[in-house]
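J.: take this sequence and fold it.
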Amino acid sequence: MPAVKGDGMRGLAVFISDIRNCKSKEAELKRINKELANIRSKFKGDKTLDGYQKKKYVCKLLFIFLLGNDIDFGHMEAVNLLSSNKYTEKQIGYLFISVLIEQQSDLMKLIVQGIRNDLTSRNPVHVNLALQCISNMGCREMAEAFCNDLPKLLVSGETIDFVKQSAALCILKLFRNSPESFQPGEYASRIVHLLNDSHLGVVTSAASLIEALSKKWPDEYKGSVPLAISRLSRIVTSGYTDLQDYTYYFVPAPWLCVKLLRLLQNYPPPDDPSNKARLLESLEAVLNKAQDAPKSKKVQHSNAKNAVLFEAIALIIHMDSDPQLLVRACNQLGTFLSHRETNLRYLALESMCLLATSEFSHDAVKKHQETIINSLKTERDVSVRQRAVDLLYAMCDRSNANQIVAEMLSYLETADYSIREEMVLKVAILAEKYATDYTWYVDVILKLIRIAGDYVSEEVWYRVIQIVVNREDVQGYAAKTVFEALQRPACHENMVKVGGYILGEFGNFIAGDERSTARIQFELLHSKFHLCSITTRCLLLTTYIKFCNLFPEIKPLVQQVFQTDHNLRNPDAELQQRSIEYLQMSKVATPEVLATILEVMPPYPEKESSLLAKLKKSKPQMEEIEREEKEKKTKPAAVMSSDGSTSLVDLDSFNDTANVLANAFGDNSPSPFGVTAVDADIANINDYLKFVSKNNGVLYEDDIVQIGCKLETRNNLARLGMFYGNKTSQPLNKFVPIITCPGALAVQLQAQAKPVEPVILAGTQVQQLINFVCVQEFVKVPIMNIKFTYTDRAGAIQSFDKNFYLPLFTSKFFEPTNMTSEQFFTRWKSLGATSQEAQKIFSAKNPMDTATIESKLKGFGANLLTEVDPNPDNFVCAGIIHTQTQQIGTLIRLEPNKNAKMYRLTIRSSKDTVVQNLVDLLGEQF
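T.: Residues are numbered from 1 along each chain as shown. Below is the predicted model of the structure:
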């Protein structure tokens, strides 16, 4: 922009100097208030203010606003500056509007008209100022107002180059924020031809715009493909001296090359032979240049060169039609696997994951297997190790499955906590998919449970049981192997579950060995009984009754277990019911009836595995999903064939189907937090959840009454201060607030409210204190009914009768807890039972800035721990929920994915009845 002489605005400089010289916050506020009063009087009283004075005062208001003070006047004066012909005055007007004017402002029509006047101006500087303002505001109103004017300006023959650049980027910003406001329209073909413009700046801006528009309207912009190929060919075949103004560290127009390569990835390979040949020639030229000696040792040169290279490789993978190029791309990426630059190693592994899915380059990727395994063992950066795991998973086939699975199992023992769950799923999928010998599959899964039992989900051990039940040739081996695994001193609970199920069905296969007789099997399993959760004990009781059928000689031992008080009178209804019913069954039923009831489970219906769906659910990356849908390039898929082949599972479908075993073992997950039909008449039902992360605020407000609240908690005690304000000019009579705790909440939460005066005088406020005692964890919240009468403006007596949710949640009784990283993840592992964890994956409703996320988590009540999670972008919290009956330890882990604009929230707690409620409460805050 042009510099303007003699426009120093001395008054503004003096005001800024005064603010800087203030010794205290009070002195600064006093000086600001004095200046605001002066500006207000100038705007109201002096009708002869010239443009310079208006600009100076508007600039002062802008500076005061940037200091954190509210500005409630001066907007009209800023809008008036738009009509000035002086650049500096117009610039300040646009700056003020961009920063302070809200999208719903009444001045929006005047602003739009002022911008439209500048867009039609013959002064290109004024046009650029208008375009910058539109981009900065970027709201729907701007998109709707200028969706026709801006394309017209962009393709006009009278528009100069730098205005075209700004117009293209302005349209791109509005399109990203409000795509529904735009239509492909009559300008599509003319926008496409901007790729032939002689000015490379215009071409670069147009390429960004066309790349975005072609994703939504591919047919309208398919004419850009030959033009993009032509322009790309001219750039990559030119020397760095041919494009002096757009050469960056000896790399000709790298940003434009990247944009053109991305644009071509939105379309299939060109059908026209000449275009296809020219494109392949350009891609070969990029690969050739990558092998040339660097023309500069500066990092900027290598960054620009590699940016073009990786985008070219992405296009080669997208085309997936030229074997020679695919192999060359793979070999080029292989040279980066041992590069000293971490980012290059990461990108190389990521790109090779996609190359491994191509039939042409899969073998070429396998040649780098040893290097990839070595990077898994020696790499310091966890994100690079994650990509190495992904690549091993993608490149695995029958020829290398044993080695890759063995290496992943070896690494799993020392792997970072953040990637163990995903690794377990991948090992289970690979073992199942490439198992030519079912005994090897059983060995792998049992070793998986032994090494990382806390991260083995139910889907994994359900699946191994299903396969063992369906394959007679492996049942005896599975029984022997799981029996030996149970004899280890340290035995994970998941191993007990698998062992209980398999021995209950096939323990007779190994009962002939004196080392594994029926009695030894029973005593081995029962030695684990008291160390297990209720769910596992229920499964073991079923195993015991199965033993009564398989081994009648140990029936008295089994009956003694059923008869113990711990089982017959257990507070858990499921465990008690199984003990009573199984005991009676063993006593009453004849051997024939018992054999019929407890016969071996029939084969499970052959159905697709849910492991891959579980894997994708644990790693929600929307860009990869969209790319897979667009290119149909998924990870290698195995199919359960009907011809008796060794493939075990169909992984083509991503739908998570119901598992038969899951139904057999039951679903003990807590019911989700939600609103029932009974709650429909709650006055504040739509916004009471805002109090989950704060303790005070306005609960309800209308023209008659304002109801506020302030909560204080200590251990399992809470005191809620309610404030009732009369906003009318007449008293509120017969004022009666009544608190109720519906249903089970009456036992879980005790409430005692102090009385309040029945009359609230006009314009006054009264306070009521309510004391709560949290007896045990709860889901529902207390309800307050408020009734009173008031006089309306017509003098008639009206009644007020509304119900309100009080902002008291289980999370309000949190006590923050400090933990080190080691303590946190040790405790996290110990809370590994399925019932002790709840997880929610959801899209972000608000901007994902770190300060806001930290504020919400701190307001939730638990202690926000720093430098604990291996991933610095994640947030972890720890706390204890206090109730009268017990203390409930709780751990929280929030994993934001800013690229996909999604969160994964996981909460583990020592009390399985609170986790789902906490997840649903906290998940609503983001």
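J.: contacts only, for A744.
T.: Residues near A744 by C-beta atoms under 8 Å, 6 or more residues apart in numbering: 778, 780. All C-beta atoms are positioned from the backbone trio N, CA, C, and that covers glycine.
J.: what about it, distance to V163?
T.: Going from A744 to V163 by C-beta to C-beta, to the nearest Å gives 68 Å.
J.: could you check how far L263 is from S224?
T.: On the measure of C-beta to C-beta, L263 and S224 end up 6 Å apart.
J.: then I316?
T.: 19 Å.
J.: repeat for L503
T.: Applying C-beta to C-beta, the value for L503 to S224 is 66 Å.
J.: now swap in A143 and tell me
T.: Relative to S224, and taking C-beta to C-beta, A143 is found at 23 Å.
J.: name the residue in those two with the higher neighbour count.
T.: Between A143 and S224, counting by other C-beta atoms under 10 Å, S224 is the more crowded of the two (29 against 23).
J.: pLDDT on stretch 734-744, on average?
T.: Mean per-residue pLDDT for stretch 734-744: 89.
J.: hang on, A838 packs against K911?
T.: No. Between A838 and K911 there is no contact under C-beta atoms under 8 Å: 11.6 Å.
J.: of those two, which one has the most company?
T.: More neighbours surround A838 than the other of A838 and K911, with 23 against 19 (other C-beta under 10 Å).
J.: give me the phi and psi for G743.
T.: With angles defined as degrees, to the nearest 10, G743 sits at phi 60, psi -140.
J.: and the residue lying closest to it once chain neighbours are set aside, how many neighbours does it have?
T.: Spatial nearest neighbour of G743, excluding adjacent residues (C-beta to C-beta, 6 or more residues apart in numbering): K780 at 6.5 Å. Here the number of neighbours of K780 (other C-beta under 10 Å) works out to 19.
J.: how far away is Y221 from A206?
T.: As judged by C-beta to C-beta, Y221 and A206 stand 11 Å apart.
J.: please disregard the earlier target; I meant D703.
T.: 54 Å.
J.: now do D437
T.: D437 is 59 Å from A206, by C-beta to C-beta.
J.: what about the two, which has more around it?
T.: Between D437 and A206, counted using other C-beta under 10 Å, A206 has the larger neighbour count: 31 against 11.
J.: pretty sure the more buried one contacts L194?
T.: Yes. In this structure, A206 is within contact of L194 by C-beta under 8 Å, at 3.7 Å.
J.: and for the two, which residues touch both?
T.: Taking C-beta under 8 Å, 6+ apart as the contact rule, A206 and L194 both touch 164, 168.
J.: and the next helix or strand past the helix or strand of the chain with the lowest mean pLDDT?
T.: When each helix and strand of the chain is scored by mean pLDDT, DSSP states H and E, helix 660-665 comes last, with a mean of 35. Using DSSP states H and E, the helix or strand that follows helix 660-665 in sequence is strand 696-701.
J.: sec struct for the spatially closest residue to S821 that is not a sequence neighbour, please.
T.: Closest residue to S821 apart from its sequence neighbours, by C-beta to C-beta, 6+ apart: V868 at 4.5 Å. Classification of V868 by DSSP: H, G, I helix; E, B strand; the rest coil places it in coil.
J.: list the buried residues of the helix or strand hosting R116.
T.: Under DSSP H and E, the secondary-structure element containing R116 is helix 108-119. By 16 or more other C-beta atoms under 10 Å, the buried positions in helix 108-119 come out as 108, 110-112, 114-115, 118-119.
J.: from the contact counts, what lies against the helix or strand harbouring L129?
T.: With secondary structure defined by DSSP H and E, L129 is part of helix 124-137. Under the contact definition 3 or more C-beta pairs under 8 Å, 6 or more residues apart in numbering; DSSP states H and E, helix 124-137 sits against helix 87-100, helix 108-119, helix 149-155, helix 161-177.
J.: where are the low-confidence patches of the stretch 551-700 of the chain?
T.: 606-680 (pLDDT under 70).
J.: just checking: what are the partner strands of the helix or strand that contains L891?
T.: Secondary structure assignment for L891, by DSSP H and E: strand 887-897. For strand 887-897, the pairing partners within the sheet under DSSP bridges are strand 875-882 (antiparallel), strand 902-909 (antiparallel).
J.: mind listing what's buried in that strand?
T.: Applying 16+ other C-beta under 10 Å to strand 887-897 flags 888-897 as buried.
J.: again with stretch 283-300
T.: For stretch 283-300, by 16+ other C-beta under 10 Å, it's 283-287, 289-290.
J.: residues making contact with that stretch?
T.: Residues from elsewhere that reach stretch 283-300 (C-beta under 8 Å, 6+ apart): 236-237, 240, 248-250, 257, 301-302, 305-306, 308-309, 312, 315-316, 325, 328-329, 332.
J.: are any of the residues you listed buried, and which?
T.: 236, 248-250, 257, 301-302, 305-306, 308-309, 312, 315-316, 325, 328-329, 332.
J.: now intersect the residues you listed with the helices, please.
T.: Counting by DSSP state H, the buried ones among the contacts of stretch 283-300 place 236, 257, 301-302, 305-306, 308-309, 312, 315-316, 325, 328-329, 332 in helices.
J.: and the furthest pair within those residues?
T.: H301 and L325 (24.3 Å; C-beta to C-beta).
J.: who's in contact with the residue found closest to G185 once you drop the neighbours it is linked to in the chain?
T.: Setting aside the residues directly before and after it, G185 is nearest to P151 in space (C-beta to C-beta, 6+ apart), at 6.7 Å. With contact set as C-beta under 8 Å, 6+ apart, P151 has these partners: 171, 185, 187, 191.
J.: 10 Å - rerun?
T.: Applying C-beta atoms under 10 Å, 6 or more residues apart in numbering, we find P151 in contact with 167-168, 171, 182-183, 185-188, 190-191, 209.
J.: next one: D397
T.: Counting by C-beta under 10 Å, 6+ apart, D397 makes contact with 356, 362-363, 366, 404, 430, 433-434, 636.
J.: pLDDT value on it, please?
T.: 90.
J.: let's verify it: helix, strand, or coil?
T.: Secondary structure assignment for D397 (three-state DSSP): coil.
J.: good, we can wrap up now.
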